[in-house]
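**Q** next comes the sequence, and after it the predicted model I'd like to discuss.
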Amino acid sequence: MIKSGLYFHIPFCKSKCPYCDFYSKKYCEGEDESYCRRLTEEIKKYSGAFDTVYFGGGTPSIIKPRLIGEVLNAAKNQFEIDENCEITMECNPREDLKESFKQYKKYGINRISLGMQSAVNKERFALGRSAGKAEVERAINNARNAGIENISLDLMLGIPKQTLSSLDESLDFIDKMKVPHVSAYMLKIEVGTRFYEMKDRLALPDEDEVSAMYLKTVSALNQLGIKQYEISNFSKSGYESRHNLKYWELVPYLGIGKTAHSFLNGRRFYYDTEFNIIDDGEGGSVEERIMLGLRLTKGIDKTLVKKPFEQYIKTGLMRENESRISLTPEGMLVSNAIINELI
């Protein structure tokens with residue numbers, strides 16, 4: 001039986017990062033209690049079997065660990081949670097999480113995603129992050145000391161003050177810390193963010209340099225044994241994010257919390273910022289399978305595509321392997337354009 005993924009959105013943050021367009025709000029003591037009580041009430045509306053749980057945000061680690069435990073306990077009482085469930089917690093290394101990690105481990109959390117963004121302090125500070133490389137290293141070591149070895153680091157490319165040479169410091173740090181998973185995202189200036197308001201004053205690398213950063217990251221991580229398996233995700237063997245793979249492979253998932261999205265029984269729906277459930281139509285179309293499947297390095301069955309793709313293979317943007325086609329790293333840089341042509 002294929003089991004679903006379970007996502008909880010925790011919207012609280014110490015402050016809003018200037019590049020972030022996810023729904024979040026300033027942390028307020030006590031508000032986390034009422035919010036998590038609401039999550040436990042929402043849980044009772046559903047049933048199902050799950051083998052991944054993911055706490056995202058926002059900054060889930062900003063709230064009391066006890067509340068995370070209560071939400072997890074409510075989920076275990078309501079749902080069938082696999083004994084080998086992957087349970088991920090997003091964390092901000094600015095906080096001293098030594099005791100929190102011990103609590104998380106006790107609750108069954110076995111995977112940590114750390115918001116590093118960069119190991120270069122001036123780049124982190126330009127992103128509005130108050131913690132430096134030393135705090136990131138401390139968080140990794142504290143997680144391991146608590147018995148959590150499955151650790152992912154976020155890496156951002158094309159950010160203010162970043163250069164091809166400064167990227168080496170972040171890649172060297174990843175090598176030094178021996179983490180098994182990296183999520184590497186290119187900065188996108190989103191409407192409604194502080195960076196959007198500042199976009200004409202931001203000293204950003206140009207498009208060619210950002211492309212070179214991406215290809216350098218793919219190559220460097222590959223040499224470290226951290227293989228690319230999705231446009232923005234890289235892991236050592238066996239450390240792929242089982243939860244996120246469900247999104248790209250169109251496996252059902254349930255999202256609970258403000259702005260959390262779901263795909264269940266062929267339907268998409270989501271919560272708005274008032275906890276109302278909004279229907280978002282049918283999901284799982286051929287177009288979605290092409291769009292999401294081509295994010296993965298394993299690609300898709302080429303019979304899904306009814307339009308010619310040979311030109312992309314000739315130009316090195318796609319590869320063909322027996323019955324499947326997939327994007328090369330160069331193709332992933334222009335994936336939106338290619339996918340739009342193929343669907």
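**A** It's in.

**Q** number of nearby residues for the residue nearest to residue 215 when sequence neighbours are not counted?
**A** Closest residue in space to residue 215, ignoring its immediate chain neighbours: residue 329 at 5.7 Å, by C-beta to C-beta, 6 or more residues apart in numbering. Quick note: C-beta positions are derived from backbone N, CA and C, even for glycine. By the measure other C-beta atoms under 10 Å, the count of residues near residue 329 is 18.

**Q** how about residue 296?
**A** With other C-beta under 10 Å as criterion, residue 296 counts 19.

**Q** what are the ranges of the helices in the stretch 51-200 of the chain?
**A** 65-78, 98-107, 121-126, 133-145, 164-177, 194-197 (DSSP state H, counting those that start in this stretch).

**Q** wait, the stretch 201-343 of the chain
**A** 207-223, 242-248, 286-293, 310-314, 329-333, 335-342.

**Q** packing partners of the second one?
**A** If I follow you right, that is helix 242-248. The contact analysis (3 or more C-beta pairs under 8 Å, 6 or more residues apart in numbering; DSSP states H and E) places helix 242-248 against strand 4-10, strand 49-57, strand 80-91, strand 227-230, strand 253-256, helix 286-293.

**Q** the same query, at a cut-off of 7 Å, please.
**A** strand 49-57, strand 80-91 (3 or more C-beta pairs under 7 Å, 6 or more residues apart in numbering; DSSP states H and E).

**Q** residue 325 and residue 309 touch, don't they?
**A** Yes: counting by C-beta atoms under 7 Å, residue 325 does reach residue 309; the two are 6.1 Å apart.

**Q** give the contact list for the residue lying closest to residue 259 once chain neighbours are set aside.
**A** Leaving aside its sequence neighbours, residue 259 sits nearest to residue 23 (C-beta to C-beta, 6+ apart; 4.1 Å). Applying C-beta atoms under 7 Å, 6 or more residues apart in numbering to residue 23 gives the contacts 11, 258, 259, 273.

**Q** just curious, which of those residues is nearest to residue 162?
**A** Taking C-beta to C-beta as the measure, residue 162 lies nearest residue 11 of these, at 28.1 Å.

**Q** which ones are touching the closest residue to the closest one other than its chain neighbours?
**A** Of all residues not flanking residue 11 in the chain, residue 58 sits nearest, at 4.3 Å (C-beta to C-beta, 6+ apart). Taking C-beta under 7 Å, 6+ apart, we find residue 58 in contact with 9, 10, 11, 12, 13, 24.

**Q** can you count the residues close to residue 269?
**A** 17.

**Q** residues touching it, list them.
**A** 262, 277, 278, 279, 280.

**Q** could I get the pLDDT score of the fourth one?
**A** Read that as residue 279. You'll see residue 279 listed with a pLDDT of 97.

**Q** and the first one, by the same measure?
**A** Reading off the per-residue confidence, residue 262 sits at a pLDDT of 98.

**Q** please name the bridge partners of it.
**A** Judged by DSSP bridges, the bridge partners of residue 262 are residue 269.

**Q** look up how far residue 41 lies from residue 34.
**A** Look at residue 34 and residue 41: by C-beta to C-beta, to the nearest Å, they are 11 Å apart.

**Q** more neighbours: those two, which one.
**A** Ranked by neighbour count (other C-beta under 10 Å), residue 34 and residue 41 place residue 41 first, with 12 against 8.

**Q** to which secondary structure element type does the more buried one belong?
**A** helix (DSSP: H, G, I helix; E, B strand; the rest coil).

**Q** low-confidence regions, the stretch 1-150 of the chain specifically.
**A** 130 (pLDDT under 70).

**Q** check contacts around residue 212.
**A** residue 164.

**Q** and the gap between it and residue 172?
**A** 18 Å.

**Q** now residue 18
**A** From residue 18 to residue 172 the distance is 26 Å (C-beta to C-beta).

**Q** ok, these two, which is more surrounded?
**A** Taking other C-beta under 10 Å, residue 18 and residue 172 do not tie; residue 18 has more neighbours (17 against 12).
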